[in-house]
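Visitor: Curious how this folds, go ahead:
(chains A, B, C and D, ligands or ions: 2)
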2 protein chains.
Amino acid sequence: MEIFSKTCEYAIKAVLYLYTKQDRFAKIGIPEIAREIKSPVSFTAKILQKLSQRGLIRSAKGPGGGFYIGRKRKSIFILDIVNAIDGKESLNTCALGLKNCSSSRPCPMHFEILDCRKAIRNLLGSQSIEELSKKILSNEVYLVN
Amino acid sequence: MEIFSKTCEYAIKAVLYLYTKQDRFAKIGIPEIAREIKSPVSFTAKILQKLSQRGLIRSAKGPGGGFYIGRKRKSIFILDIVNAIDGKESLNTCALGLKNCSSSRPCPMHFEILDCRKAIRNLLGSQSIEELSKKILSNEVYLVN
DNA sequence: TCAATAAAGGACTTTATTGTCTTTTATTAA
DNA sequence: TTAATAAAAGACAATAAAGTCCTTTATTGA
Ligand code: FES
Ligand code: FES
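Guide: Ligands and ions are numbered 1, 2, ... in the order given. This next block holds a predicted model:
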């Protein structure tokens, strides 16, 4: 019933944290990111690596290196992070574990879940990271408690 | 991103299967249930045991024994099964892993997720097992593929 | 060129979930 | 009262998710 995996949680928070930096080319190191989002350092390293491979963030090795957003790019959304980490299928598998989720041979939850999924996809696809990070900067919302 | 745990999936399907039986006192054995919902026999046994302990279904030992619904009871809903298996908290924990989910110190997803959760709770709380099992009997929906 | 730095990569451990197997307990019917 | 049956209970095994640690590679600046 948990919405996101831990991996996804940290990924979302890490990207949000990066977006709170005004300078999109400021290199942020793993220790700082992990500290600011309260996540395990080495595990976070792995996740940042993946996000970088998927092109959602950039990275620079060596002294003064770290992770950063990079040049102006089209808006990304929570959904993009989820897709990058969990894969696109995760939102389309049958809630009751049938091999294929389809309206022609639906499980007892199919149509109801479909509506719900649509709502979730809508939600995750409409929350732009820039907007959310602004809310963090203005202390409307928080990355840690 | 998966909605239910495997345990929950099997629990829901097992209870639905029991409700498809017209005779609420007909004792259904573990092998039949596991076969009909395509679940691992021993694992299913454990889950049925738990459902029985929680009072969602009844059980009878010995020859001719098995699981059954029992005397007329107030309608149960998918949500009741989820609560019995995963606990009631599972729908209230912070989506981004903050210790406490609260509107006074919300995470970036809090308010949006809140709406979503309300929708899910509504959905799961409005799907009565009786109704769903009728749809199974009329081949509108299926427990296996 | 060399030492320091920081991410990339890979092997590994821990923990939780899923699943199996065996023994015990209760019930039935001969 | 006994043998057969079926769930209850608990120990165990396999797999996946989460997390750690160590080595390698790339980059920088002295
Ligand atoms: S068939 Fe189960 S959710 Fe679509
Ligand atoms: S604080 Fe994160 S969902 Fe409520």
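
Visitor: Could you list the buried residues of the lowest-mean-pLDDT helix or strand in chain A?
Guide: Ranked by mean pLDDT, DSSP states H and E, the weakest helix or strand in chain A is helix A:110-126, scoring a mean of 91. By neighbour count with 16 or more other CB atoms under 10 Å in any protein chain shown, helix A:110-126 contains the buried residues A:110, A:112-113, A:116-117, A:120, A:123-124. The way it works is simple: take the backbone N, C-alpha and C, and place the C-beta from them, glycine included.

Visitor: Please identify which of these is nearest to ligand 2.
Guide: Proximity of the buried residues of helix A:110-126 to ligand 2 (CB to the nearest ligand atom) peaks at A:Leu123, which lies at 12.1 Å.

Visitor: Now that closest one: closest residue in space, sequence neighbours ignored.
Guide: Nearest residue to A:Leu123, sequence neighbours excluded (CB to CB, 6 or more residues apart in numbering or on different chains): B:Glu112, at 5.2 Å.

Visitor: Specify the angle between the least confident helix or strand of chain A and helix B:110-126 in degrees.
Guide: 180 degrees (axes from the mean of the first three to the mean of the last three CA atoms, to 10 degrees).

Visitor: same for helix A:110-126, what does it pack against?
Guide: Helix A:110-126 is packed against helix A:78-86, helix B:110-126, with contacts defined by 3 or more CB pairs under 8 Å, 6 or more residues apart in numbering or on different chains; DSSP states H and E.

Visitor: Whether it contacts ligand 2 - can you check?
Guide: No. Using CB under 6 Å from any ligand atom, helix A:110-126 never reaches ligand 2; the gap is at least 12.1 Å.

Visitor: next one: that helix to chain centre, how far?
Guide: Its chain's C-alpha centre and that of helix A:110-126 lie 17 Å apart, by CA atoms, centre = their mean, to the nearest Å.

Visitor: before we move on, what about stretch A:79-99?
Guide: Here stretch A:79-99 is found 13 Å from its chain centre; the criterion is CA atoms, centre = their mean.

Visitor: Over to stretch A:37-56?
Guide: Stretch A:37-56 sits 11 Å away from the centroid of its parent chain (CA atoms, centre = their mean).

Visitor: Kindly format the C-alpha coordinates of that stretch as CSV.
Guide: Below are the C-alpha coordinates for stretch A:37-56, written out as CSV (Å, rounded to 0.1, in the frame of the first residue of the first chain):
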residue,chain,number,x,y,z
ILE,A,37,17.2,14.6,2.6
LYS,A,38,18.1,12.3,5.4
SER,A,39,19.0,9.3,3.3
PRO,A,40,21.7,6.7,3.6
VAL,A,41,24.8,8.0,1.8
SER,A,42,25.9,5.0,-0.2
PHE,A,43,22.4,4.1,-1.2
THR,A,44,21.8,7.6,-2.3
ALA,A,45,24.9,7.5,-4.4
LYS,A,46,23.5,4.6,-6.3
ILE,A,47,20.3,6.3,-6.9
LEU,A,48,21.9,9.6,-8.1
GLN,A,49,24.0,7.5,-10.5
LYS,A,50,20.9,6.0,-12.0
LEU,A,51,19.2,9.4,-12.3
SER,A,52,22.2,10.6,-14.0
GLN,A,53,22.3,7.7,-16.4
ARG,A,54,18.7,8.3,-17.2
GLY,A,55,19.5,11.9,-18.0
LEU,A,56,17.3,13.4,-15.3
